[in-house]
Structure formats: structure tokens, C-alpha cells
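**Student:** Fold the following for me, if possible:
(4 chains)
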2 protein chains.
Amino acid sequence: MVRRTKEDAERTRLQIIEAARKTFHQCGVSRTSLEKVAAAAGVTRGAVYWHFADKAALFFAMRETSLAVIDRADAFLFGDESGDPLDAIEQSMVYFFRTMSTCPAARETYEIMSFRCEYVDEFASVLQEVNRPCVEFQAKLTTAYQQALALGIMRPELDPDAMALDSVSFVRGLFNNWLASSPGTEWRDQVEDMIHTHVALRRITPPRA
Amino acid sequence: MVRRTKEDAERTRLQIIEAARKTFHQCGVSRTSLEKVAAAAGVTRGAVYWHFADKAALFFAMRETSLAVIDRADAFLFGDESGDPLDAIEQSMVYFFRTMSTCPAARETYEIMSFRCEYVDEFASVLQEVNRPCVEFQAKLTTAYQQALALGIMRPELDPDAMALDSVSFVRGLFNNWLASSPGTEWRDQVEDMIHTHVALRRITPPRA
DNA sequence: CTATTTACATACATTGTTGATTGTATATAA
DNA sequence: TTATATACAATCAACAATGTATGTAAATAG
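**Tutor:** The predicted structure follows:
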């Protein structure tokens, strides 16, 4: 079976990316040979090398393809300008974890990036890529907390910058724990309660006295 | 240079472990060949294979050697029974990060475990090893928060279990951010302030109104 | 004093991975 | 219709890493 149409070629490309994700997830990035990926995709190494220069290029293509869904998470933070900024913060966090729950491709990709990839040489830059969304989210959180303060919703003695830092650490740690816990553990179900508790800590009115 | 005394052999063993840490840190675990480790330690692969069965055994030996310092971190949590349990929580977190700052071996080991190791096959169990201290710390935090509540130091509407979960996520995320940030970044200096802010959120008295 | 064990070094056989090269059928453009 | 670029398959040489097997001198036990 050889030369097919452009659409077929694109399908082959996506098949290879999917196969790469599964194989990376199962074997880890460094123990994944392109031979394995090709076999999982039902093609030969030749096809893989045609579409991607090397393993790193395939990795980054996979990352970009799988995480497109996530980029909307913090846009969500300012879509809800109408209401309570603390609610918006809570909802954006919840949205993120809901997306992770419902989109296995995104979850697997994060698992690969967190636990099955070594950040050296060609992959050293991935660390920055993982950090950047954190920094951006922190900036947006600061703004939201400032609004909350101005609106009198947040406890007045709290500093928006400090709260943003606390929340970013919280989300990152929560996400790590969520990823590291086996599915079915209590962790995964508690997440939304934990987010609610976290945000409620900042509110003027005690949450559920 | 051949057969030496038992003390020399032990020194050789430690040299190999140190060399392994440096090489793992620089090249990542999977790209570290035992040849590289041997060269860095100034011995041959034969010596490495004499002391350790394979790369995984060397990895675990390194882990155990380097992280012995840390185990005392949460014992610290209950040494200070006399005073304020919220202070004890804060101090134990601060102690942990101070140790990380002053002990490069521990920091490098955590960097290896976090960013330079793929948790598959022989290394899959490392994930559990990383999680276990978190679970233990969470249990101890719950107790401490219960004490704080009983003593009337903590805001009465807060739930000790929920606070422990929040704090564990916070510490894990903070630690990840700390590890991922290059040394010299603002992050590293802000850590103690962030911990103080985090704990102060739970106090009855507003921190620094 | 010798016998054995220890602590390595050296050599080798096997395997896996890579990237390049070559082959070829098809799509597409002229 | 023909020429050429495209999308893939198949093969291959080179290398790197692993684990094991064997060699050996010094330490230690008896």
C-alpha cells in the first residue's frame, strides 16, 4: 500500500501521533523507539521519518496536538467578568480538572510530560513549556484577586499577589497529586471540593459555618 | 590499582553513588550509561557492577543515601509540641526548604526524581516512593490542624482535614515550582514568605493587618 | 604459609537504535 | 499522457549499551 491522497497522509500523521502518545505513555519517552511507534501506528519507520525529523519533533507535535484543548482554560477566567471574580477563579480551576478528566489524550500527555520524560538535551525546553502556563495563570489570578478585593468580596487583609502565588502552588500541587494518584482513588473525586475550600478561604463570609 | 581494604571499598561505593547523582542529573537517568558513571567515579564498569546489580539498584542506593537528611523534616512537626501548632507547621515547611537549599545532594536527587527519570518498568515504583511522604505529611498536618482548632488558634469554621489537603497540595506545588525555577530566580527567596502567608490564612488573628 | 575470597579490570557477545539510502507506486501538474 | 514530486516501505551499516565471563592481585582467614 503506497502513495495516497493528502487527506490520507494527514490521517497517517495523526495515527503516528496517537501511537506515539500511547507508546510514550507505556514505555517512557527514551525507551520508545520509532520502530515501536511505527508498529503501533501500523506503518514502518520510513513513514515516521517522513513525517517527523526525529523523536523530539514527534514529541513536540504530540504535545501541541493533545494540549490544544487546555489553552482555553484560563481564557475562561475572564469570560465570566459579569459575576464574582472568586467564582471565576474557582470555575477556571474546576474547568481545568474537568477537561483533564474527560480528555484522556490531554491527561496522558501531561502524565508523559510529568513522569515519563527526562528534561535533558532536546527536551530541556519542555520544562520551560510546563512552567510558562503557570506564570501566565499566576498573572491572571493576581488580577482576579485584585478585582475581588476591590469588590469587597475578599478578606481585606489579604494581598492579591500573595494569594495568587498561594493558588498557583496549590493548583500545581493538586494537579501533580491528581496525576500521580491511580484512577479510582479518593483524590480524584475530592478535587472540586478542595478547590472550593481553597477559594472559600479567601472570602469575607465564612463558607459553610 | 587493585584489591584494597574494606574501608577503601566503601569509599569507592560512595564515589560511585556521587558520580551517579551527578551523571543522572546532567544526562538524565536513561541516557546515563554505567560506563559514564564509572568514568565520572574514576573506576571501570567492573567496579560499578561489583557494587550494584544494575542501573536501577544504583539509582535506589543513590536515592536512599541522598534523602536520609529529609526524613527528619516532619519529625520536626511534633518536636515543637510546647508551642503553637500552626507555628510548628510553618517551621516544618521552612525546615524542609532550608534543607533543600543547603544540601545540594538532596536537591539534585529530587531534581532527578522530578525531571530526569521516567517512571516505567523498574522505576515505576519510584512514583509511589515520591507519593508516600506526601500522604504521611498529610496525616500529620491533619493532627496538627486539629490541635490548632482545639486550642482556638485556627479559624473555627475551617475543617482540619480540608486544610491538610490544601496544605499538602500547596507544599507539593511550591516544591515543584522551586525545583523547576532556575537558582537565582525570585521564587527561591519568596518561599518562606509564601509559607508564612499560607499558614497565616488559617489563623484567627489577621496576619499583618 | 597457603588457600580462598574480595574488589576490581578487561574482553566479549548480544541486542537495540538510529538515520541514511534505495525502491516504488501513486497523485498531480503540465 | 508524461514527468515529477509525494508518501511510504524495505534494507543496511554503524554505533552504543548491556550483562556476563574471565583474569588477577591484594587482603584476609585458617
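**Student:** can you tell me the average pLDDT over the host helix or strand of A:Q128?
**Tutor:** Using DSSP states H and E, A:Q128 falls within helix A:124-150. Mean pLDDT, helix A:124-150: 91.
**Student:** May I see the domains of chain A written out as residue ranges?
**Tutor:** Split into domains by automatic domain parsing, chain A comes to A:6-66, A:68-200.
**Student:** What ranges does chain A have for its strands?
**Tutor:** For chain A, no strands are identified by DSSP state E.
**Student:** can you pull the pLDDT of whatever residue of chain A ends up closest to DNA strand D?
**Tutor:** Chain A approaches DNA strand D most closely through A:G46 (2.3 Å), counting by Cβ to the nearest atom of the strand. Using the backbone N, CA and C atoms, a C-beta is placed for each residue, glycine as well. Per-residue pLDDT puts A:G46 at 92.
**Student:** burial count for it?
**Tutor:** The tally of other residues near A:G46 (other Cβ atoms under 10 Å in any protein chain shown) stands at 8.
**Student:** show me what contacts it?
**Tutor:** Applying Cβ atoms under 8 Å, 6 or more residues apart in numbering or on different chains to A:G46 gives no contacts.
**Student:** roughly how far apart are it and DNA strand C?
**Tutor:** 5 Å (Cβ to the nearest atom of the strand, to the nearest Å).
**Student:** And the helices in chain A, which stretches?
**Tutor:** A:6-27, A:34-41, A:45-51, A:55-67, A:76-79, A:85-102, A:104-115, A:124-150, A:160-180, A:186-200 (DSSP state H).
**Student:** Nearest to B:F115 among those helices would be which one?
**Tutor:** Among the helices of chain A, the nearest to B:F115 by Cβ to Cβ is helix A:124-150 (6.4 Å).
**Student:** elements contacting the closest one?
**Tutor:** helix A:76-79, helix A:85-102, helix A:160-180, helix B:160-180 (3 or more Cβ pairs under 8 Å, 6 or more residues apart in numbering or on different chains; DSSP states H and E).
**Student:** For the last one, what is the distance to the chain centroid?
**Tutor:** Per Cα atoms, centre = their mean, to the nearest Å, the displacement of helix B:160-180 from the mean C-alpha position of its chain is 13 Å.
**Student:** Check the helices of chain A for me: which has the lowest mean pLDDT.
**Tutor:** Among the helices of chain A, helix A:76-79 scores lowest, at a mean of 68.
**Student:** about what we covered before: now do the buried residues in the helix holding A:Q128.
**Tutor:** A:126-127, A:130, A:133-134, A:137-138, A:140-142, A:144-149 (16 or more other Cβ atoms under 10 Å in any protein chain shown).
**Student:** and chain A, which residues reach DNA strand D?
**Tutor:** A:1-4, A:6, A:8-9, A:12-13, A:38, A:43-47, A:49-51 (Cβ under 7 Å from any atom of the strand).
**Student:** Just the buried residues out of those residues, in PyMOL syntax.
**Tutor:** This is how PyMOL selects the buried members of these, with burial counted by 16+ other Cβ under 10 Å:
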select buried, chain A and resi 12+13+38+43+47+51
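**Student:** and the helix holding A:Q128 with helix A:55-67, angle?
**Tutor:** 30 degrees (axes from the mean of the first three to the mean of the last three Cα atoms, to 10 degrees).
**Student:** What are the neighbouring residues in contact with A:A180?
**Tutor:** Here A:A180 is in contact with A:S114, A:F115, B:L127, B:V130, B:N131 (Cβ under 8 Å, 6+ apart).
**Student:** mind putting those in TSV, distance to DNA strand C included?
**Tutor:** Shown next, in TSV, are the contacts of A:A180 (distance: Cβ to the nearest atom of the strand, whole Å):
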residue	distance to DNA strand C
A:S114	21
A:F115	19
B:L127	22
B:V130	26
B:N131	28
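**Student:** Of the residues you listed, which pair is most distant in space?
**Tutor:** A:S114 and B:N131 (12.6 Å).
**Student:** Any chance of TSV for the helices and strands packed on helix A:124-150, columns distance to DNA strand C?
**Tutor:** Output for the helices and strands packed on helix A:124-150, formatted as TSV (distance: least, Cβ to the nearest atom of the strand, whole Å):
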stretch	distance to DNA strand C
helix A:76-79	38
helix A:85-102	29
helix A:160-180	25
helix B:160-180	26
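**Student:** To A:V120, which of those helices lies closest?
**Tutor:** helix B:160-180 (14.1 Å).
**Student:** sorry, back to before: report the angle between the axes of the helix holding A:Q128 and helix B:104-115?
**Tutor:** 90 degrees.
**Student:** Helix A:124-150 vs helix A:85-102, what angle?
**Tutor:** 150 degrees.
**Student:** just the helices of chain A: most buried one?
**Tutor:** Of all the helices of chain A, helix A:160-180 has the most neighbours on average by mean count of other Cβ atoms under 10 Å in any protein chain shown, namely a mean of 23.
**Student:** on that earlier part again, a markdown table for the helices of chain A, including distance to B:Y95?
**Tutor:** Below are the helices of chain A laid out as a markdown table (distance: least, Cβ to Cβ, whole Å):
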| stretch | distance to B:Y95 |
| --- | --- |
| helix A:6-27 | 37 |
| helix A:34-41 | 45 |
| helix A:45-51 | 49 |
| helix A:55-67 | 37 |
| helix A:76-79 | 35 |
| helix A:85-102 | 29 |
| helix A:104-115 | 26 |
| helix A:124-150 | 25 |
| helix A:160-180 | 18 |
| helix A:186-200 | 24 |
